[in-house]
Every structure is written in C-alpha cells, then in structure tokens.
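A.B. asks: Could you look at this predicted model? Sequence included:
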Amino acid sequence: LLRYLALRTLADQRLPVFLELKTVSEADFKHARNNLADLLFEKVIADVLHLQEEEHYRFKEYFFARLAVGQVAIFLDGLDEVTGTNFFPELCTAVGKFASSNYRNNRLVISTRPYALQARLEGLKEMEIASLTHGPIEEFLGHYYGDDDTTRRFLRNLRRNRSLRELCRVPF
C-alpha cells in the first residue's frame, strides 16, 4: 500500500521517499546522527544512487530544499518491525522531532501493526486501513490476475458470500 501511495504522490509533484524500516541498521541510524531527514537522504537517495562526493552534496542540497518547502512525501514502512532494535526509542524520538520541526509540512506516512507501539507519536494522526469490500476485491483480482478460471471461480465464491476460510481453499 505504501509503495502504491508513494507512486501516486508523483501526480502531486511531491518527491516520494519510501523507506522500509527493517532495512535500517543501528549503524545507518548512527551515521545519520539519529536524524530522520539525514537517514532518509543517506539510505533512500545516496545509497541507492551511489553518489560521488560532489553529486552527494548537490543532491543533499536539493533534497533538503524540497523538505524545507514541504514538497516531499515520506513513507516509512513497518515501524513495528524494528521495535526490538536498540535504536527503536531514538528512532521514535527522531520521527517525533521531524513531525514537529520546520519539515512538518511534508507528508509523513508510517505503517505499523495496530498496538505495536507502546506510546503514540506526538503530532501525528492515527488512521486504520478498512477491510476490502467485494467491489475492490473483484477489481484487484481482475487487474492482477486477469480473467482466468481460477479468478472466476474465486469471484463466484466471493459473490456467494462464503466465509474467508472457504474462499482460501480455492487454489491459486
């Protein structure tokens, strides 16, 4: 879902920045001086693009300029997946500082399992993803799996309102 949302932000002319938090190590976080903005730049942009020194400086300047004017959409995926790390409390603090800093006008979306956090992150709204209804499920299956026998059989079962347990018996 977050990857999809990140892609959609291109239409808003925002720079999408997607970070799967389970890929962040304690060394990465310390290298970024426990600063979310620095972590985002280093882990998502500099590491991926393998920037030379001069390019690193120019891209960092560009990234922070976009942050300063609120033109970045940040997607942090799986906060609950790093709760057991030594740097988790500091990461939550960094997220909170970012959300209340001069960068607060950027979009910040964080995914986590419900109740995975012991405390709420200050200044952020909490939302829950609703369950899929029949219409979106049919649209999803048609888009990703096409019109084949298995998909049609699954959709027939879905339309008959069978329980999820029964639906899962349809082999894919």
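C.D. replies: Thanks, I have the structure now. Numbers count the residues shown, from 1 in each chain.
A.B. asks: longest helix in the chain, by residue count?
C.D. replies: Identified as the longest helix of the chain according to DSSP state H is helix 53-68.
A.B. asks: what is the mean pLDDT for that helix?
C.D. replies: For helix 53-68, mean pLDDT is 96.
A.B. asks: Same question for stretch 149-166.
C.D. replies: Mean predicted confidence for stretch 149-166 is 72.
A.B. asks: now swap in stretch 6-14 and tell me
C.D. replies: 87.
A.B. asks: again with stretch 97-104
C.D. replies: Stretch 97-104 comes out at a mean pLDDT of 94.
A.B. asks: Mind exporting the C-alpha coordinates of that stretch to CSV?
C.D. replies: The C-alpha coordinates for stretch 97-104 follow below in CSV (Å, rounded to 0.1, in the frame of the first residue of the first chain):
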residue,chain,number,x,y,z
LYS,A,97,11.1,15.7,16.2
PHE,A,98,10.7,15.6,12.4
ALA,A,99,6.9,15.8,12.7
SER,A,100,7.2,18.9,14.9
SER,A,101,10.1,20.6,13.1
ASN,A,102,10.2,23.0,10.2
TYR,A,103,9.8,19.9,8.0
ARG,A,104,6.3,19.2,9.4
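A.B. asks: In it, which residues are buried?
C.D. replies: For stretch 97-104, the neighbour count (16 or more other Cβ atoms under 10 Å) marks Lys97, Phe98, Ala99, Tyr103 as buried. (Each C-beta comes from the backbone N, C-alpha and C, glycine too.)
A.B. asks: quick one: secondary structure of the residue nearest to Glu90 when sequence neighbours are not counted?
C.D. replies: The shortest distance from Glu90 to any non-neighbouring residue, by Cβ to Cβ, 6 or more residues apart in numbering, is to Asn34 (5.1 Å). Secondary structure assignment for Asn34 (DSSP: H, G, I helix; E, B strand; the rest coil): coil.
A.B. asks: about what we covered before: continuing past the longest helix of the chain, what's the next helix or strand?
C.D. replies: Later in the chain than helix 53-68, the nearest helix or strand by DSSP states H and E is strand 72-77.
A.B. asks: Remind me what that following strand packs against, helices and strands.
C.D. replies: For strand 72-77, the packing partners by 3 or more Cβ pairs under 8 Å, 6 or more residues apart in numbering; DSSP states H and E come out as helix 2-8, strand 15-20, strand 107-110.
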